[in-house]
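Participant: from the sequence below, what's the structure:
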Amino acid sequence: MPNPLPVRDIFVEANGLRHHLVARGTPGSPVVMMIHGLAGQAHAFDGIANHLAASFHVYCLDVRGRGESAWGPANGYGIDTYVADLEAVREALGLHRFSLVGTSMGGLISMNYAPRFGEHVEKVVLNDAGPEVDPEGLKRILTYVSTAPEMFADMKAVIRYYKEHYAPMVEHLADDQIAEFARFNVRKSDSGVYVWKMDPAVRAAAAPAASMDQWEALKAITCPVLILRGSLSDVLSAPIAQRMLEALPNGRLVEVPGVGHAPVLTEPAAVKALNEFLAS
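Facilitator: Below is the predicted model:
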């Protein structure tokens, strides 16, 4: 998707850490905050953010320990901390209300933020995320997250890794799109190899459990909620997605055909659903 508006890198001090966001669109437009998954970073949303920036002021957040955001204490990479970070980032940016778009872990952050700070939330999009995770999908994710190599000889090796381990997310994308998706997740080290732009503690430590019961958190969201589910997802099952829809006072459910966990949101069905939901 073409990018019609300038892209800005923004850094704010929030909740004791320096946080990085990628911003697009015109200040004063309705605000959309996009939050990535467990091993992702802000540029995972580049394609859809470029599209949405024509109508919205879009921020894509690097969650602590990822991308250009600072690393935090090793025992602090949990949902409650991420929720506190998001509220502090909102305050630092001077935003009153925004819509949240969260992929996977970002969906869980959104799902736990909205009940606590509902006065600031216009709408919520949960992208292949819910109160329960299919055990097979969880096992797959934990395996590739915990066993990822520490370094890569070149970008070709990085791209091979993503094609092998992120197939449900990227196998429907062209090679150049996969390369663009992968390149922001690594940096070239002083020794010339590529290493992750992520705190190793994110992979090594068990994440602290959220303080809220996750079904109760979902049910407590009063604003409109869009659930997006990859039709081939092994993380958000079809029965759980349907239960989520029934539990919400104002929910919609859209399946993105032919995609596993998680849609990158540039799929035609995802773009259409986001356009209609965010504009309504």
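
Participant: which residues of the stretch 51-200 of the chain fall in strands?
Facilitator: Taking DSSP state E, counting those that start in this stretch as the test, the strands found in the stretch 51-200 of the chain are 57-61, 98-103, 121-127, 151-152, 186-188, 194-196.

Participant: what about residue 204, distance to residue 150?
Facilitator: Distance, residue 204 to residue 150, by Cβ to Cβ, to the nearest Å: 11 Å. All C-beta spots, glycine's among them, are computed from the backbone N, C-alpha and C.

Participant: my bad, should have said residue 81
Facilitator: Distance from residue 81 to residue 150, by Cβ to Cβ: 24 Å.

Participant: so between those two, which is more surrounded?
Facilitator: residue 81 (22 against 9; other Cβ atoms under 10 Å).

Participant: distance of the more buried one relative to residue 211?
Facilitator: 11 Å.

Participant: cool, and residue 162?
Facilitator: Residue 162 is 33 Å from residue 211, where distance means Cβ to Cβ.

Participant: with neighbour numbers in mind, choose between these two.
Facilitator: For residue 162 versus residue 211, the count of surrounding residues by other Cβ under 10 Å is larger for residue 162: 19 against 12.

Participant: who's in contact with the more buried one?
Facilitator: By Cβ atoms under 8 Å, 6 or more residues apart in numbering, residue 162 lies in contact with 170, 178, 181, 182.

Participant: residue contacts, the third one?
Facilitator: Taking Cβ under 8 Å, 6+ apart as the contact definition, residue 181 lies against 44, 162, 170, 173, 264.

Participant: among these, which are in helices?
Facilitator: 162, 170 (DSSP state H).

Participant: of the contacts of residue 181 - the most surrounded one?
Facilitator: Of these, with other Cβ under 10 Å as the count, residue 44 tops at 27 neighbours.

Participant: so for it, what's the nearest residue that isn't a sequence neighbour?
Facilitator: Nearest non-adjacent residue to residue 44, counting by Cβ to Cβ, 6 or more residues apart in numbering: residue 36, 4.8 Å away.

Participant: run a quick neighbour tally on that neighbour.
Facilitator: A total of 26 residues lie near residue 36 under the criterion other Cβ under 10 Å.

Participant: need phi/psi at it.
Facilitator: Residue 36 adopts backbone torsions of phi -80, psi -180, taken as degrees, to the nearest 10.

Participant: list the contacts of it.
Facilitator: Residue 36 is in contact with 42, 44, 45, 60, 61, 62, 63, 66, 103, 104, 105, 106, counting by Cβ under 8 Å, 6+ apart.

Participant: quick one: which of the residues you listed is nearest to residue 194?
Facilitator: Checking those against residue 194 by Cβ to Cβ gives residue 66 as the nearest, at 15.7 Å.

Participant: what about that closest one, neighbour count?
Facilitator: For residue 66, the count of nearby residues is 25 (other Cβ under 10 Å).

Participant: related to what we said a few turns ago, format the contacts of residue 162 as a markdown table; extra columns: pLDDT and distance to residue 117.
Facilitator: Converted to a markdown table, the contacts of residue 162 look like this (pLDDT from 0 to 100; distance: Cβ to Cβ, whole Å):
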| residue | pLDDT | distance to residue 117 |
| --- | --- | --- |
| 170 | 78 | 33 |
| 178 | 84 | 35 |
| 181 | 81 | 30 |
| 182 | 87 | 33 |
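
Participant: okay if I get those as a markdown table plus distance to residue 93?
Facilitator: Putting those into a markdown table (distance: Cβ to Cβ, whole Å) gives the following:
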| residue | distance to residue 93 |
| --- | --- |
| 170 | 30 |
| 178 | 31 |
| 181 | 26 |
| 182 | 28 |
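
Participant: could you list which of those belong to helices?
Facilitator: 170, 178, 181, 182.

Participant: is it true that the last one touches residue 158?
Facilitator: Yes - checked against Cβ atoms under 8 Å, the pair residue 182 and residue 158 is within contact range at 5.1 Å.

Participant: would you map the helices across the stretch 151-280 of the chain?
Facilitator: 155-165, 167-170, 175-183, 200-204, 214-219, 238-247, 268-279 (DSSP state H, counting those that start in this stretch).
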